[in-house]
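> Structure here, sequence nowhere to be found:
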């Protein structure tokens with residue numbers, strides 16, 4: 001009679017909290033990369049998927065608003081002149097079950113201009129089976 005212990009142990013590793021957290025970290029990293037690429041071209045669909053309805057966004061200019069204001073600001077902006085290209089550095093993802101916190105340095109680059117740097121933090125929750133940002137904080141980095 002063969003032992004099924006090795007197969008059972010492997011299965012337990014796959015469903016362990018550590019494995020789930022690693023999967024979520026990878027998923028959130030990919031989600032952020034995809035969002036930043038889409039935000040660089042003002043993709044309203046990407047914003048709609050990324051931000052939760054109950055979002056509280058605090059901008060680097062000190063303004064606080066929600067998803068509705070973000071979406072209204074995007075109306076018709078896809079045909080406008082190209083904006084900055086965004087990327088993330090120093091990304092840290094912490095997963096706490098169905099909640100996660102990300103922190104990173106946002107780099108905004110536009111042709112022939114020095115890059116602008118911001119420190120961003122976001123709180124994500126799993127809503128309807130996918131990660132969405134419920135809180136966002138952007139702070140302009142000191143020169």
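Received, thanks. This structure is a prediction, so every number in the text was calculated from the model and none was measured.

> any idea where the strands of this structure begin and end?
All strands of the chain, identified by DSSP state E, fall at 51-58, 64-65, 85-96, 99-109, 116-127, 130-140.

> For the longest helix seen in the chain, name the packing helices and strands.
Longest helix in the chain, counting residues (DSSP state H): helix 17-39. Helix 17-39 is packed against helix 44-50, strand 85-96, strand 99-109, strand 130-140, with contacts defined by 3 or more Cβ pairs under 8 Å, 6 or more residues apart in numbering; DSSP states H and E. Where C-beta positions appear, they are placed from N, C-alpha and C, glycine not excepted.

> Columns mean pLDDT on top of these, output as a markdown table?
Shown next, in a markdown table, are the helices and strands packed on helix 17-39 (pLDDT from 0 to 100):
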| stretch | mean pLDDT |
| --- | --- |
| helix 44-50 | 95 |
| strand 85-96 | 96 |
| strand 99-109 | 97 |
| strand 130-140 | 97 |
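
> Of these, which is nearest residue 29?
Closest of those to residue 29 is strand 85-96, at 6.2 Å (criterion: Cβ to Cβ).

> Quick one: distance of that closest one to the chain centre.
Offset of strand 85-96 from its chain centre (Cα atoms, centre = their mean, to the nearest Å): 7 Å.

> contacting residues around it?
Identification of contacts with strand 85-96 by Cβ atoms under 8 Å, 6 or more residues apart in numbering yields 20-21, 24-25, 28-29, 32-33, 36-37, 39-40, 100-110, 120.

> Those residues, buried ones only, as a ChimeraX selection?
The ChimeraX selection below is limited to those of the contacts of strand 85-96 classed as buried (16 or more other Cβ atoms under 10 Å):
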select :21,24,25,28,32,36,39,40,100,102,104,106,107,108,120
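
> ok, residue 133 touching residue 51?
Yes. Between residue 133 and residue 51 there is a contact at 5.5 Å, judged by Cβ atoms under 8 Å.

> Quick check, central residue of the protein?
Central residue of the chain (Cα atoms, centre = their mean): residue 32, 3.7 Å from the mean position.

> Contact partners for residue 28?
Counting by Cβ under 8 Å, 6+ apart, residue 28 has contacts 93, 95, 100, 102, 124, 131.
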